[in-house]
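1. Model the following, please.
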Amino acid sequence: MNNYFDRLKLKWNITSNFQMVVVFIVFAITGSASLWVAKPVLNMIGITDDMNPWVRVPLRIIMILPVYQVMLLVIGSVFGQFRFFLNLQKKWWRIK
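-> Sure thing, here's the model as predicted:
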């Protein structure tokens, strides 16, 4: 298990175990918060739980993705990890 974390730290350019814990906390908070924020937004635009799930689920995923990306930067910056999450998103979206 320790070897996995060492490889992850090397891949993500993380310098300490404390920074790794902070990054995991940011991921956890952002994932929960983006789902919590997305529900009222989806209800406002008419995507409710009584819709056909074959329509609702893809629309929900499409709506949550940008919300998650923005919230990851915001929450990451609150925890002092803005640069890390900005670089991570650049890798995800292949932006130089």
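
2. Now do the helices in this structure.
-> Assigned by DSSP state H, the helices in the chain fall at 2-12, 17-44, 53-78, 82-93.

3. Just send the ones you listed back as CSV, with mean neighbour count and mean pLDDT too.
-> C-beta: built from backbone N, CA, C; applies to glycine. Formatted as CSV, these follow (neighbours: other C-beta atoms under 10 Å; pLDDT from 0 to 100):
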stretch, mean neighbour count, mean pLDDT
helix 2-12, 10, 85
helix 17-44, 14, 90
helix 53-78, 14, 90
helix 82-93, 14, 87
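
4. Distance of residue 59 relative to residue 81?
-> 30 Å (C-beta to C-beta, to the nearest Å).

5. do residue 94 as well
-> From residue 94 to residue 81 the distance is 21 Å (C-beta to C-beta).

6. Residue 11 now?
-> Using C-beta to C-beta, residue 11 is found at 16 Å from residue 81.

7. next one: residue 44
-> 30 Å.

8. do residue 36 as well
-> 21 Å.

9. Then residue 10?
-> For residue 10 relative to residue 81 (C-beta to C-beta), the value is 17 Å.

10. got it, and residue 88?
-> Counting by C-beta to C-beta - residue 88 and residue 81 are separated by 9 Å.
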